[in-house]
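**Q** A predicted structure for the sequence below; I have some questions about it.
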Number of protein chains: 2
Amino acid sequence: MTSEELFQNIRKKTSFLCVGLDTDFNKIPRALLDTEYPVYEFNKRIIDATEDLVVAYKPNLAFYETLGAAGWMSLEMTINYIRKNFPDIFLIADAKRGDIGNTSKMYANAFFRSLDFDAVTLSPYMGRDSIQPYLSFANKWSVILGLTSNAGSEDFQQLRISGDEFLYEKVLRAAKEWGTIDNTMFVVGATRADHMRSVRKIVPEHFLLVPGIGAQGGSLEEVFSDGSNNRCGLLVNVSRSIIYADGTNRFEITARQRAIEYRDQMEALLIKAKLI
Amino acid sequence: MTSEELFQNIRKKTSFLCVGLDTDFNKIPRALLDTEYPVYEFNKRIIDATEDLVVAYKPNLAFYETLGAAGWMSLEMTINYIRKNFPDIFLIADAKRGDIGNTSKMYANAFFRSLDFDAVTLSPYMGRDSIQPYLSFANKWSVILGLTSNAGSEDFQQLRISGDEFLYEKVLRAAKEWGTIDNTMFVVGATRADHMRSVRKIVPEHFLLVPGIGAQGGSLEEVFSDGSNNRCGLLVNVSRSIIYADGTNRFEITARQRAIEYRDQMEALLIKAKLI
């Protein structure tokens, strides 16, 4: 998928919502626990209830790996289900990998070939040759950590480096040269909306993947106001406050209601910005 | 395992060798491809041929994930085989994870509970709260990336930050306060032996996990001379130049010969330093 195709999907759905499939086995309603792959069954019901309201899903690998081979099966089944039924959905593996070149090639193969993800989140700490193998896959995306939404982002990402810029700014400035706006996005947390303007000075055209809305407290209006560009340029991720909004076996109905609320807010913002 | 127990294992085996199980399906001899879990069968033969010469094994997660659920099964079987037969081996998951707290907790559970690893490699980019969940597991280790062995380590790790230190030095200085010498190690690449002395000024007592010997060209003598401490303080990892030394179905015999060569060099260094 190109950035233009992603923008057209946003226009079609009047939404730039990404739902994080951080599916925790311990939070799944009991009724599902008798099935062979409860995590997959949970995901399937969330997907069926929200697919018309979102442009992307983002399974978080940790939640599948903690279940071992069965977890990996659930992930694979989830991806295949989306690919088969909803081919225009953008699929992000939230994996935050980063390793030497020959290892990155293996991870890229895992996420882009063994599993048919469109994108994978990556940590920049090991530098260019740790990212390059992912960028060599046609029509696949690297989503590189810039400024994350957790408190620990202050420890290193917000250190001043020589030339009086923050480390995360240096990361954006360097990494935007490695790929293009059609294969590179950056993670920028919504809880740091004050940093969003400086991010946009460095990468005005790139899509940003924005966590931190919902359970983590960021404001959608502020993110859009400071972070959108003339093709929207944002995928806003919400996980827990949609998929765990309701712990009963009616969870997908409540999840849909929450997703509609986000979609409606996003639609209003897109209309106001004359993007739809 | 404590750092003292690890040192005693090093003394007993006169070796501080870690063998990286970066087992590439495409490099496995044909004779093994008829078995149900070729990667596990390969690992088993490498392990049986080298277990008396090494103190640690380090499976690289990418090589298993690229095979999907079957790869995860091979990993699980490998770990269980080592645990059952060679209980004093230190087991490192080379995963380079790093995410927000609730996700880190899931990864920690994946590597320390679902799989019984002793340690996991972690990326520091997201800061303290991305590492803390791993440190809360008793008798388990966080192996935090400091200065890696690839060319890309120059991109960010070797940037000067305020106070005229490198980013990787700041990472070491901060991260050593998060845990203890009994639950924290650092990755420091052997290809940067000139940096080893500055690392030792910051973390004199910690164990270091050192990649970059062998296929990547680092010198064992230099690493030991600049990086060892009074309890050795080093785990030197070798992957490809041991496990792929011989592409035929005699691969484990050649792997053992290579491991003996490394052990002999290490023994000589430990004797010279009066550590055995």
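**A** That came in fine, so what should we check first?
**Q** just give the number of residues close to residue A:229.
**A** By other Cβ atoms under 10 Å in any protein chain shown, the residues close to residue A:229 number 17. C-betas here are computed from N, CA, C, even on glycine.
**Q** that one and residue A:28: what is the separation?
**A** In this view, residue A:229 and residue A:28 are 38 Å apart by Cβ to Cβ, to the nearest Å.
**Q** which intervals of the stretch 1-150 of chain A have sub-threshold pLDDT?
**A** Of all residues in the stretch 1-150 of chain A, none has pLDDT under 70.
**Q** ok, whatever residue of it ends up closest to chain B - contacts?
**A** Of all residues in the stretch 1-150 of chain A, the one sitting closest to chain B is residue A:127 (2.3 Å; Cβ to the nearest Cβ). Residue A:127 makes contacts with B:150-157, as judged by Cβ atoms under 8 Å, 6 or more residues apart in numbering or on different chains.
**Q** the helix or strand residue A:83 falls within packs against which elements?
**A** According to DSSP states H and E, residue A:83 maps onto helix A:68-85. If you count contacts as 3 or more Cβ pairs under 8 Å, 6 or more residues apart in numbering or on different chains; DSSP states H and E, helix A:68-85 packs onto helix A:38-50, strand A:56-59, helix A:61-65, strand A:90-97, helix B:69-85.
**Q** which residues are in contact with the second one?
**A** Which is strand A:56-59. Contact with strand A:56-59 is made by A:17-23, A:43, A:47, A:75, A:78-79, A:82, A:89-94, A:209, A:235, A:237, A:239, as judged by Cβ under 8 Å, 6+ apart.
**Q** longest helix in chain A, please.
**A** Across chain A, the longest stretch assigned as helix under DSSP state H is helix A:251-272.
**Q** quick one: average confidence on that helix?
**A** For helix A:251-272, mean pLDDT rounds to 98.
**Q** near chain B, which residues of the stretch 151-276 of chain A are found?
**A** The stretch 151-276 of chain A comes close to chain B at residues A:151-157, A:159-162, A:167, A:170-171, A:174, as judged by Cβ under 8 Å from any Cβ of the partner chain.
**Q** kindly recompute the last result at 6 Å.
**A** A:151-152, A:155-156, A:159-162 (Cβ under 6 Å from any Cβ of the partner chain).
**Q** just the ones in strands from those residues, please.
**A** Among those, DSSP state E puts A:160-161 in strands.
**Q** out of the residues of the stretch 151-276 of chain A next to chain B, which is nearest to chain B?
**A** Ranked by distance to chain B (Cβ to the nearest Cβ), these are led by residue A:152 at 2.4 Å.
**Q** now for the closest one: which residues touch it?
**A** Listed by Cβ atoms under 6 Å, 6 or more residues apart in numbering or on different chains, the contact set of residue A:152 reads B:126-130.
**Q** pick out the most distant pair among the residues you listed.
**A** B:126 and B:128 (8.8 Å; Cβ to Cβ).
**Q** of the two, who's got more company?
**A** Shown here are residue B:126 and residue B:128; by other Cβ under 10 Å, residue B:126 has more neighbours (29 against 19).
**Q** ok, back up a step: now do the closest residue to the residue of the stretch 1-150 of chain A closest to chain B other than its chain neighbours against residue B:159, distance only.
**A** Counting by Cβ to Cβ, 6 or more residues apart in numbering or on different chains, the nearest residue to residue A:127 once its immediate chain neighbours are dropped is residue B:152, at 2.3 Å. Distance, residue B:152 to residue B:159, by Cβ to Cβ: 12 Å.
**Q** again, but for residue A:141
**A** Using Cβ to Cβ, we find residue A:141 at a distance of 26 Å from residue B:159.
**Q** the more surrounded of the two?
**A** For residue A:141 and residue B:159, the more surrounded residue by other Cβ under 10 Å is residue A:141, and the numbers stand at 29 against 19.
**Q** contact partners for the more buried one?
**A** Applying Cβ under 6 Å, 6+ apart, the residues contacting residue A:141 are A:118-119, A:183.
**Q** what is it paired to in the beta sheet?
**A** residue A:119 (DSSP bridges).
**Q** gap between it and residue A:185?
**A** Using Cβ to Cβ, one gets 6 Å for the distance from residue A:141 to residue A:185.
**Q** before we move on, what about residue A:10?
**A** Per Cβ to Cβ, residue A:10 is found 14 Å from residue A:185.
**Q** might one say that residue A:209 is in contact with residue A:188?
**A** No. Counting by Cβ atoms under 6 Å, residue A:209 sits too far from residue A:188 to count as a contact (7.6 Å).
**Q** who has more neighbours out of those two?
**A** For residue A:209 versus residue A:188, neighbours defined as other Cβ under 10 Å are more numerous around residue A:188 (29 against 25).
**Q** in the helix or strand containing residue A:241, what's buried?
**A** According to DSSP H and E, residue A:241 maps onto helix A:240-243. Buried residues in helix A:240-243, defined by neighbour count with 16 or more other Cβ atoms under 10 Å in any protein chain shown: A:241-243.
**Q** kindly report the same for stretch A:183-194.
**A** Neighbour counts using 16+ other Cβ under 10 Å place A:183-193 of stretch A:183-194 among the buried residues.
**Q** for stretch A:211-225, same thing?
**A** Within stretch A:211-225, the residues that count as buried by 16+ other Cβ under 10 Å are A:211-214, A:216, A:218, A:220, A:223-224.
**Q** cool, stretch A:38-48 as well?
**A** Neighbour-count burial for stretch A:38-48 flags A:38-47 (criterion: 16+ other Cβ under 10 Å).
**Q** which one of the residues you listed is nearest to residue B:99?
**A** Nearest to residue B:99 out of these is residue A:39 (Cβ to Cβ; 18.2 Å).
**Q** ok, the spatially closest residue to the closest one that is not a sequence neighbour to residue B:43 distance?
**A** In this structure, residue A:39 finds its nearest non-sequential neighbour in residue A:74, 4.0 Å apart by Cβ to Cβ, 6+ apart. Applying Cβ to Cβ, the value for residue A:74 to residue B:43 is 25 Å.
**Q** where's residue A:53, which helix or strand?
**A** Here residue A:53 is assigned to no helix or strand, by DSSP H and E.
**Q** residues contacting it?
**A** With Cβ under 6 Å, 6+ apart, residue A:53 has these contacts: A:15, A:259, A:263.
**Q** which of those residues sits closest to residue B:105?
**A** residue A:259 (25.9 Å).
**Q** do I have it right that that closest one meets residue A:50?
**A** Yes. If you go by Cβ under 6 Å, residue A:259 and residue A:50 touch, sitting 4.5 Å apart.
**Q** coming back round to it: what is the helix holding residue A:241 packed up against?
**A** Contacts defined by 3 or more Cβ pairs under 6 Å, 6 or more residues apart in numbering or on different chains; DSSP states H and E place helix A:240-243 against helix A:251-272.
**Q** tell me the angle the helix it packs on makes with helix A:38-50.
**A** Taking axes from the mean of the first three to the mean of the last three Cα atoms, to 10 degrees, one finds that helix A:251-272 is oriented at 40 degrees with respect to helix A:38-50.
**Q** quick check: which helices or strands does helix A:251-272 pack against?
**A** Judged by 3+ Cβ pairs under 6 Å, 6+ apart, helix A:251-272 is in contact with helix A:38-50, helix A:240-243.
**Q** give me the buried subset of the contacts of residue A:127.
**A** Among those, those buried by neighbour count (16+ other Cβ under 10 Å) are B:150, B:152-153, B:155-157.
**Q** out of the residues you listed, which is nearest to chain A?
**A** For the buried ones among the contacts of residue A:127, the nearest to chain A is residue B:152 (2.3 Å; Cβ to the nearest Cβ).
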